[in-house]
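K.L.:
Model the structure of this input:
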Amino acid sequence: MNKGQTRVVACLLIAAVSGLPTRAIAIPTEEMGEQVETFSFSSSASFPDESMAQVTSVSQLRDVQPTDWAFGALQSLVERYGCIAGYSNGTYRGDRPITRYEFAAGLNACLDRVNEFIATATGDLVTRADLTTLQKLQEEFAAELATLRGRVDNLEARAAEIEANQFSGTTKLSGLTIVGIQGRTQNRADVNPRDGKKDTDDDGTNINLIYYQQLYLTSQFSPSSYLFTGLAAADGTTEPRFSNDVILGYEYPTESKLIVTDLNFHWLVTDKLAIMGGVEGVNMASAFRGPNRVESAATGPLSFFAQRNPILDIGFGRGGVAVDWQFAKRSSLQAIYASNVPGNPGKRNGLFDGNTTTGVQLLLTPFDAFDLSLYYVNNYSSDGCLLTFTGDECLTAVNPNTNKSEPLQTNAVGTSVNWQISPQVTLGGWFGYMNSYIPSKSGNVETTNYMIYLNFPDLFAKGNLGGIYFGQPPKITSSDLPVGNNVPDSINTGLGRPGGQPGTTTQLEAFYRFQLTDNISVTPGIIHIWEPGHTPDSDPITMGILRTSFSF
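P.N.:
This next block holds a predicted model:
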């Protein structure tokens, strides 16, 4: 056996004994001149999700063949030392490279194993030739071994320092940053009064910047419970605007002040029942499972309206409790009770007065590619505003004498569907209906909304996403509330006549998300809105948006 062959056997011995990650190491040999000899060996260190087990025969390794140049060496090591480890899937992965530092670590581990043999009176298993080879390798890699020991010492010191100063050993930090540039075309609107005349210019057409920064803290108390905390700071807006039709999904201005957006506790009671409760961030958007699998203000549609059925935004819940029950393999039930102002004990505030919302959703998945959800929502609003931030959200008019609007009780039903026609095409949509009335008074107000969309996952490249969305935001189709409370009439002439909105707002949105890395995406898009504010004589609006999102 020449020097090169001896080193091959020694390297294989080190790899098998130490269980190092598979890397490449090139060691020049005198016999080969300028050429190099490469060795490879495998372990689970590079693949923490895969386990390894000792093998008793090289034949157990399905990727090692008798024709392989190292087969004899591997076989010898199994028979003489019993130190070859394979992956759980029956492979050895002997063609992967290692660094010199990893090789040095393997050499050190091999020496420890030899000492173990000697200490247990099994030193006769180690031949003098192997000991001589290991001694030479130890001398050759003395510098690397010393460096490695120093690095380990430094890492241990740093780990001890971090452990001593960390605020929680069970809390994980994650975050999200969204930066968007948006602008819209010049337009004129028919407002104040709505009399068929385009009398007002849109003053919010300058291109501007909107940013949103979110930090999440997930504190694990047990395998089945954790506390979720969200902090946000944001600035920028689409204001001034005539209607909320132009609001974007990540538009949540806080004047750059840090606010608490989530503070809730999650508990998996059983494998099929989960409970969430808290004082912030308890709402249908966070508690209900959404059929649209790309729903996200950071990586999905751009507008707020296109995120989900506005019925699921009613009440803008903050504090409350929610449950999620997987009562069958392909069926689940979610329910929630939440308040928008849980911390204020004043009139029309608190947990059981003011803006309170009760909702329930049945989610069905008849087969893997199809989701169907049915939901019912009951809401009490102290001022007649449902806080959906899309379309007609305030359904009782402000009394000019008192500068207040009447409270409203609302019952809403809706459905959402999502059908993955193929891995590259998904068809979906939703429909919603709301019926509201002023408690103890006659009359009611009805609203509807709908959306149809197409999503194109992995369009043109893996990880990218294209989308086309078309729909109508909530619209008052009829209202016969008492005189002075009908919103369409108050916007028109104020003569006290019943009826619905004279026009119908429709929105077309198209976007394409470039997934640059696992954490960074860039999404250009365009939104076109006909008859904004459900006003037939207002100019259409076209918006251009460029959104960049970074998550960690």
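K.L.:
What strand or helix carries Ile529?
P.N.:
strand 520-530 (DSSP states H and E).
K.L.:
buried sites along the following helix or strand past that strand?
P.N.:
Later in the chain than strand 520-530, the nearest helix or strand by DSSP H and E is strand 541-551. Neighbour-count burial for strand 541-551, counted by 16 or more other CB atoms under 10 Å, picks out 541, 543, 545, 547-551. Glycine gets a C-beta too; all of them are placed from N, C-alpha and C.
K.L.:
and what of stretch 488-499?
P.N.:
Within stretch 488-499, the residues that count as buried by 16+ other CB under 10 Å are 488-492.
K.L.:
With stretch 509-525 instead?
P.N.:
Applying 16+ other CB under 10 Å to stretch 509-525 flags 509-511, 513, 515, 521, 523-525 as buried.
K.L.:
what's in contact with it?
P.N.:
With contacts defined as CB atoms under 8 Å, 6 or more residues apart in numbering, stretch 509-525 is touched by 298-299, 301-303, 306, 459, 461, 463-470, 526-528, 544-552.
K.L.:
burial measure for Leu248, as a count.
P.N.:
Using other CB atoms under 10 Å, Leu248 has 26 other residues around it.
K.L.:
repeat for Leu61
P.N.:
Neighbour tally, Leu61, other CB under 10 Å: 23.
K.L.:
One more: Gly72?
P.N.:
12.
K.L.:
Does it fall in a helix, a strand, or a coil region?
P.N.:
helix (DSSP: H, G, I helix; E, B strand; the rest coil).
K.L.:
just use 8 as the starting number from now, easier for me
P.N.:
With 8 as the first residue, the last one maps to Gly79.
K.L.:
That one and Asn385, how far apart?
P.N.:
77 Å (CB to CB, to the nearest Å).
K.L.:
In contact with Gly474, which residues?
P.N.:
Going by CB under 8 Å, 6+ apart, Gly474 touches 301, 307-308, 460-463, 516-520.
K.L.:
Can you list the buried residues in the host helix or strand of it?
P.N.:
Assigned by DSSP H and E, Gly474 belongs to strand 472-486. Residues 472-474, 476-486 are the ones in strand 472-486 that count as buried (16+ other CB under 10 Å).
K.L.:
which residues of this structure fall in helices?
P.N.:
10-25, 78-88, 107-126, 135-147, 149-172, 291-294, 494-499 (DSSP state H).
K.L.:
contacting residues around the most centrally placed residue in the chain?
P.N.:
Residue closest to the average C-alpha location in the chain (CA atoms, centre = their mean): Ser303, at 7.7 Å. By CB under 8 Å, 6+ apart, the contact list for Ser303 reads 256, 314.
K.L.:
What is the nearest of the buried residues of stretch 495-506 to Asp208?
P.N.:
Ile498 (18.6 Å; CB to CB).
K.L.:
quick one: low-confidence parts of the protein?
P.N.:
8-63, 65-66, 73-75, 83-95, 105-122, 124-138, 141, 169-176, 354-355, 500-502 (pLDDT under 70).
K.L.:
Would you mind listing the residues in contact with Asp390?
P.N.:
Neighbour list for Asp390: 355, 401, 403, 411-412, 414 [criterion: CB under 8 Å, 6+ apart].
K.L.:
distance of it from Gly439?
P.N.:
21 Å.
K.L.:
ditto for Ser339
P.N.:
For Ser339, the distance to Gly439 - CB to CB - is 20 Å.
K.L.:
More neighbours: these two, which one.
P.N.:
Gly439 (23 against 20).
K.L.:
tell me the contacts of the more buried one?
P.N.:
316-318, 419-421, 455-457, 481.
K.L.:
Also Glu538?
P.N.:
Contacts of Glu538 by CB under 8 Å, 6+ apart are 510-513, 545, 547.
K.L.:
Just give me the closest of those residues to Val289.
P.N.:
Nearest member of those to Val289, counting by CB to CB, is Thr512, at 30.4 Å.
K.L.:
That closest one: what's it in contact with?
P.N.:
Counting by CB under 8 Å, 6+ apart, Thr512 has contacts 250, 252, 398, 479-480, 482, 536-541.
K.L.:
picking that back up, for PyMOL, write the selection for the buried entries among the contacts of Asp390.
P.N.:
Buried members of the contacts of Asp390, defined by 16+ other CB under 10 Å, are picked up in PyMOL with:
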select buried, resi 401+403+412+414
